[in-house]
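Asks: Please work out how this folds:
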Amino acid sequence: MTKFGELISVEKPVLLDFYKNWEDAERNVSVLRNIVKVLGNKAKVIKIDISKNELLADALGIKVNPTFMIYKQGEMKWRETGYLDESTLLNMVQQFI
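Replies: Sure thing, here's the model as predicted:
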């Protein structure tokens, strides 16, 4: 995976979805795909497997699955744990465009 700092230091907002296993990931795939379709290149959406990125998850204090974060220009702007609907996630990302 690209270095985390490089992923989050871009001008546009970056929505991160931290998940633990594929069953959890599948639950959000269609939601995230729809968000990508709506936002186009105005934002980035990235899924991060906690199992494959344990050091990062620990450093960010991720204890609940899923955990969503929005970064912009390297700064965390928003964080929420638990399942969220498409409308909620889309509205949160749009606030930082």
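Asks: quick one: average pLDDT of stretch 39-54?
Replies: Averaging pLDDT along stretch 39-54 gives 94.
Asks: my bad, should have said stretch 7-15
Replies: On average, stretch 7-15 scores 95.
Asks: First-to-last residue distance for that stretch?
Replies: 10 Å (Cα to Cα, to the nearest Å).
Asks: Name the residues of that stretch that come out as buried.
Replies: Leu7, Ile8, Pro13, Val14, Leu15 (16 or more other Cβ atoms under 10 Å). Using the backbone N, CA and C atoms, a C-beta is placed for each residue, glycine as well.
Asks: Measure how buried the residue nearest to Glu11 when sequence neighbours are not counted is and give me the count.
Replies: Of all residues not flanking Glu11 in the chain, Gln73 sits nearest, at 6.4 Å (Cβ to Cβ, 6 or more residues apart in numbering). For Gln73, the neighbour count with other Cβ atoms under 10 Å is 13.
Asks: What of the one 10 residues further on?
Replies: Residues within reach of Tyr83, counting by other Cβ under 10 Å, total 13.
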